[in-house]
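Enquirer: quick one: sequence plus predicted model below, questions after.
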Amino acid sequence: MSECLIHPRPAGPGKAALARFASLPTSAVSDSMRRLVGAPGVLPLIDQCRVVGPALTVKTRPGDNLVVHKAADLARPGDVLVIDAGGDTTRAIVGDLLCRYATSREIAGIVLDGAARDVAELGELGLPVFARAISHLGPYKNGPGEIGRAVSIAGMTVRSGDVVVGDADGVVAVPAAHLDTVATAAEALLRAEAATVAAINDGNWDRSWIDASLNITWFESKES
């Protein structure tokens, strides 16, 4: 019998906080956190993939998904399972059966620092799954693992209760303590980008900032 440590869960974000992130792209969210937060290489496995929800974190031994099954039992509707499998891509941690069960539990999505499989079936299922790689090799089920501890997903720290935002560009996690600040900044950024798009379409985008940021030296042609 293998050890599974389960940590207390925070209350998590309210519906109003989640609603603010529902339409915010990952690019605007990460830009609003000084472009320092993200999980490079952890990408969606299916088209039209978007997820927003509170994280339920899982730390599992690379190549093993026993504790992930337990986390699926404990997850609340709307949760995003965030699985730290050490970045190992040799064996799939999730596949069709586990993802079907997650869907039956109304889990919103899965973010995995590791590999997944059964991509065709996942596409039919429609569950947002973000992973580092694809591997047909199945997982072991020996444990050990932890649920609810802070984890690292491709260098991005995620704690249970943080808000996970995922789309075609990847995933980003917003710390629970900074939801309002990040959402406000991202909303302002989108308004500024909309103004820039309008200026581009009108042919009057002010590009003076480029030369103002560069020390340019022009060389004269030596051709006679």
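Expert: Perfect, thanks for sending it.
Enquirer: would you map the strands across the protein?
Expert: Listed in chain order, the strands of the chain (DSSP state E) span 4-6, 43-44, 51-60, 80-84, 92-94, 109-116, 129-134, 145-147, 151-153, 156-158, 163-167, 170-174.
Enquirer: name the helices or strands packed onto the fourth one?
Expert: Which is strand 80-84. Contacts defined by 3 or more Cβ pairs under 8 Å, 6 or more residues apart in numbering; DSSP states H and E place strand 80-84 against strand 51-60, helix 66-74, strand 109-116, strand 151-153, strand 163-167. From N, CA and C alone the C-beta is placed, and that goes for glycine too.
Enquirer: any idea of the angle the longest helix seen in the chain forms with strand 170-174?
Expert: When the chain is parsed with DSSP state H, its longest helix is helix 179-202. Orientation check (axes from the mean of the first three to the mean of the last three Cα atoms, to 10 degrees): helix 179-202 against strand 170-174 gives 140 degrees.
Enquirer: what are the buried residues along helix 179-202?
Expert: Judged by neighbour count using 16 or more other Cβ atoms under 10 Å, the buried positions of helix 179-202 are 179, 182-183, 185-187, 189-190.
Enquirer: tell me the bridge partners for the spatially most central residue of the chain.
Expert: With distances taken as Cα atoms, centre = their mean, residue 171 lies nearest the centre of the chain, 2.3 Å away. Counting by DSSP bridges, residue 171 is bridged to residue 166.
Enquirer: hmm, back to that, closest one to residue 219 among the strands of the chain?
Expert: The closest of the strands of the chain to residue 219 is strand 170-174. By Cβ to Cβ, the value is 40.5 Å.
Enquirer: pLDDT averaged over that closest one - what is it?
Expert: Averaging pLDDT along strand 170-174 gives 97.
Enquirer: quick check: which of the strands of the chain is nearest to residue 16?
Expert: Nearest of the strands of the chain to residue 16, taken as Cβ to Cβ: strand 163-167 at 11.9 Å.
Enquirer: show me what the closest one is packed against.
Expert: Packing contacts for strand 163-167, counted by 3+ Cβ pairs under 8 Å, 6+ apart, involve helix 15-21, helix 26-31, strand 51-60, strand 80-84, strand 109-116, strand 170-174.
Enquirer: as CSV, those with distance to residue 7 would be great.
Expert: Formatted as CSV, the helices and strands packed on strand 163-167 follow (distance: least, Cβ to Cβ, whole Å):
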stretch, distance to residue 7
helix 15-21, 22
helix 26-31, 26
strand 51-60, 9
strand 80-84, 13
strand 109-116, 18
strand 170-174, 17
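Enquirer: relative to residue 123, which of these is closest?
Expert: strand 109-116 (11.8 Å).
Enquirer: can you list the strands that the closest one pairs with?
Expert: Counting by DSSP bridges, strand 109-116 is paired with strand 80-84 (parallel), strand 92-94 (parallel), strand 129-134 (parallel).
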